[in-house]
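Colleague: This is a predicted model, with the sequence first.
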Amino acid sequence: MPLALHLGTDDLTRCRFAISPLCQTHEALRMLRRPARHGYHQGWLRRMSRTVAGLDLRLLWLFIPPPGGYTPDFLGPPPEDPYPSIDDELARMRATDPALAHAEMTRSLACTPGLSESAQGRAALDDPAATVRRLADLTERAWHALLAPDWPRHRAVLEADIAHRSRRAAGGGLDALLTDLHPAVDWAGHTLTLRRYADVADAQRPDGRGVLLMPSVFVWPDVVSGFARPWQPTVIYPARDMARLHTAPRPPQALAKLLGHQRAAVLTGLAAPSSTTELARRHGLAPSTVSAHLLVLRESGLLESRREGHYVLYGRTALGDALVERDVTPAAR
């Protein structure tokens, strides 16, 4: 039987989103170990191959078992804040109770026959506090090497996903939000069903804290559930448009006829908010040309902008999303 979770009134009012740099780091590491997740990240994998080879991640690999196995939740605990910093999350990880770490590491090692009895497994369990510190140090290295350089773009994709789903919830309530997370997630009659997970007796049930929803760039094609005690029930699902993170998509033909090819390409490529410089590099255009296109698109109500640090980021509005996703033709308008 699949894992079925009935959400009570308190749970329904406390469902929330979060973006976790720590969880994204561990999903990236899991992606490296699971070829089924590689499809949309071939370019990133090629670019990072030397960097990955230079990282000694053997201790972390112990706790990233084959698909279906358990990865300790303390490696990426559900964040308490919607937008935690990586420093705060690493500090929280380092403060993990050694007894909890020992229990979760034991469960994880048991997923691979013989690993608990191996020299590496026994050493990790003999001093769980020291193992937690080493795992946190390795995670910090992986973060800086693999994710930090691209984090503004990754975060923009995740924020765009949350904004899109928030608009759906505003228009259609939780039904509109929860029915579109992933093909393996069903929502009906206040029950959230994860069809890729078996229902087990010790699965934690929603208890009024709600369910935490976290989009991920690296989790596709999976959906990841976190229902181990004592953590908040969590669902990690593939972010919309994560496939376009490393490429500039071709604009639909009808949209190119409507707006012109360059302007349509800029609009289509803004699945996640981006700066003028990034768009110019992605599309092979002069920054002045991109600026002119952005001005027209913003004045037409298809884009909005916000300042983030030294950059101005442009993102599609709901109207811009509709135009791209529905491939509206001039006649249809």
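Modeller: On my side now, so go ahead.

Colleague: how about the closest residue to Leu303 other than its chain neighbours, what does it touch?
Modeller: In space, and not counting its chain neighbours, Leu303 is closest to Leu297: 4.5 Å by CB to CB, 6 or more residues apart in numbering. In this view, the C-beta of every residue, glycine as well, is placed from N, C-alpha and C. The contact partners of Leu297, taken as CB atoms under 8 Å, 6 or more residues apart in numbering, are 263, 266-267, 303, 314, 320.

Colleague: Please, which helix or strand holds Asp56?
Modeller: Of the helices and strands defined by DSSP states H and E, none includes Asp56.

Colleague: which element is the closest residue to it other than its chain neighbours on?
Modeller: Leaving aside its chain neighbours, Asp56 sits nearest to Leu138 (7.9 Å; criterion: CB to CB, 6+ apart). Assigned by DSSP H and E, Leu138 belongs to helix 128-142.

Colleague: Helices of this structure, start to end?
Modeller: In the chain, the helices defined using DSSP state H lie at 9-13, 21-33, 42-53, 58-62, 86-94, 98-109, 119-126, 128-142, 151-178, 253-259, 261-269, 276-283, 287-299, 318-326.

Colleague: Just the CA atoms of the fifth one, as PDB, please.
Modeller: When you say that, I think you mean helix 86-94. Output in PDB follows, covering the C-alpha atoms of helix 86-94 (Å, rounded to 0.1, in the frame of the first residue of the first chain):
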ATOM      1  CA  ILE A  86      23.800  27.800   4.600                       C
ATOM      2  CA  ASP A  87      25.800  28.900   7.600                       C
ATOM      3  CA  ASP A  88      22.800  28.600   9.900                       C
ATOM      4  CA  GLU A  89      21.900  25.200   8.500                       C
ATOM      5  CA  LEU A  90      25.400  23.900   8.900                       C
ATOM      6  CA  ALA A  91      25.500  25.100  12.500                       C
ATOM      7  CA  ARG A  92      22.200  23.300  13.100                       C
ATOM      8  CA  MET A  93      23.600  20.200  11.500                       C
ATOM      9  CA  ARG A  94      26.800  20.300  13.700                       C
END
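
Colleague: show me where pLDDT drops low in the stretch 201-333 of the chain?
Modeller: Within the stretch 201-333 of the chain, the stretches with pLDDT under 70 are 201-204, 227, 243-249, 309, 326-333.

Colleague: neighbours around Ser305, how many?
Modeller: Ser305 has 13 neighbours, counted by other CB atoms under 10 Å.

Colleague: what about it, distance to Arg263?
Modeller: Separation of Ser305 from Arg263 (CB to CB, to the nearest Å): 16 Å.

Colleague: rewinding a little: same list, the helices of the chain, but as a markdown table with distance to Gly210 please.
Modeller: Below are the helices of the chain laid out as a markdown table (distance: least, CB to CB, whole Å):
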| stretch | distance to Gly210 |
| --- | --- |
| helix 9-13 | 5 |
| helix 21-33 | 17 |
| helix 42-53 | 33 |
| helix 58-62 | 30 |
| helix 86-94 | 20 |
| helix 98-109 | 22 |
| helix 119-126 | 33 |
| helix 128-142 | 27 |
| helix 151-178 | 11 |
| helix 253-259 | 39 |
| helix 261-269 | 35 |
| helix 276-283 | 35 |
| helix 287-299 | 36 |
| helix 318-326 | 26 |
